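Q: For reference, the sequence and a predicted model appear below.
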Amino acid sequence: IRKKTIFIIACFVVSLAMMLGLLVQFVLLNGFMQLENNNALGELEETLGNLRNEVKRIDSIAGDWAPWDDTYYFMRDRNQEFVDSNLSDASIANINVNWVVLVDNQGQIVIQKNYDIENDQAVDVSVGLQDYILQHPALFNHLSEVSSLAGIVEIDGRAVILASRPIVTSQFAGPIQCSL
């Protein structure tokens, strides 16, 4: 009887330990999984918010440069003074963008300035960007003086924030000369 009693108690203790282990595992693992999911969701929401803010920032820069008399008249007379004053490496680095492209209403790139903001140096013209612009006429055929396109696109296998605005006078008067 003694051996039976010890055996029954041992089986009971082992069963209880297994049930307790399963219960703890179920409760703790589900709790940790829920915490991890909530953390990942919070980080994703923060990342999306940061991306939205960066798209707004780039669109704001385009919205500042495109309705500007200097840009408007440059597109009419192509004066080198505008390029020297406003499209220097220092100017592009100051606004913290990689590309500034001015495109006429026929889709011809008038001027393209490329700058690697991570390495703080001018870089070669991006053929991928040129191709993308030519394949998407909405970027250079704005229908109104206050038109705006901004978002994230893929160019050369990389996600790129792109914004386009019509080039008009500082009073938002046309005719639309081209696009920035």
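A: Looks like it arrived, so ask away. What you see is a predicted model; the values in this text were computed from it and never measured.
Q: Show which residues not belonging to stretch 75-84 make contact with it.
A: Residues from elsewhere that reach stretch 75-84 (CB atoms under 8 Å, 6 or more residues apart in numbering): Asp70, Thr71, Tyr73, Phe74, Leu102, Asp104, Val110, Ile111, Ile167, Gln177, Cys178. For glycine as for every other residue, the C-beta is placed from the backbone atoms N, C-alpha and C.
Q: In this structure, what residue spans correspond to strands?
A: 99-104, 109-116, 121-122, 149-155, 158-164, 166-167, 178-179 (DSSP state E).
Q: Kindly compare burial across the ones you listed and name the winner.
A: strand 166-167 (a mean of 28; mean count of other CB atoms under 10 Å).
Q: Which strands border that one, and is each parallel or antiparallel?
A: If you go by DSSP bridges, strand 166-167 pairs up with strand 178-179 (antiparallel).
Q: So which residue is smack in the middle of this protein?
A: Taking CA atoms, centre = their mean, the centroid of the chain lies closest to Ile161, which sits 4.2 Å from it.
Q: In terms of pLDDT, where does the spatially closest residue to it that is not a sequence neighbour sit?
A: In space, Ile161 comes closest to Ile58 once its chain neighbours are excluded; the distance is 4.9 Å by CB to CB, 6 or more residues apart in numbering. We have a pLDDT of 95 for Ile58.
Q: Kindly report the same for Ala173.
A: Reported pLDDT for Ala173: 86.
Q: can you check Leu134 too?
A: 88.
Q: Run a quick check on the residue nearest to the centre of the chain versus Glu54, I expect a contact.
A: Yes: in this structure Ile161 lies within contact range of Glu54 using CB atoms under 8 Å: 5.7 Å.
Q: Looking at the protein, which helix is longest?
A: Taking DSSP state H as the criterion, the chain has its longest helix at helix 2-65.
Q: who are the neighbours of that helix, in terms of helices and strands?
A: Packed against helix 2-65 by the contact rule (3 or more CB pairs under 8 Å, 6 or more residues apart in numbering; DSSP states H and E) you find strand 149-155, strand 158-164.
Q: can you list these in TSV and add distance to Leu35?
A: Formatted as TSV, the helices and strands packed on helix 2-65 follow (distance: least, CB to CB, whole Å):
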stretch	distance to Leu35
strand 149-155	30
strand 158-164	29
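Q: which residues sit against stretch 127-146?
A: By CB under 8 Å, 6+ apart, stretch 127-146 touches 67, 99, 101, 103-105, 107, 109, 112, 114, 149, 153, 155-156, 160, 162, 164-166, 168, 172-174, 176, 178-179.
Q: repeat for stretch 52-59
A: Stretch 52-59 has contacts (CB under 8 Å, 6+ apart) with Val97, Ser148, Ala150, Gly151, Ile152, Ile161, Leu162, Ala163, Arg165.
Q: So for that stretch, what gets flagged as buried?
A: Val55, Arg57, Ile58, Asp59 (16 or more other CB atoms under 10 Å).
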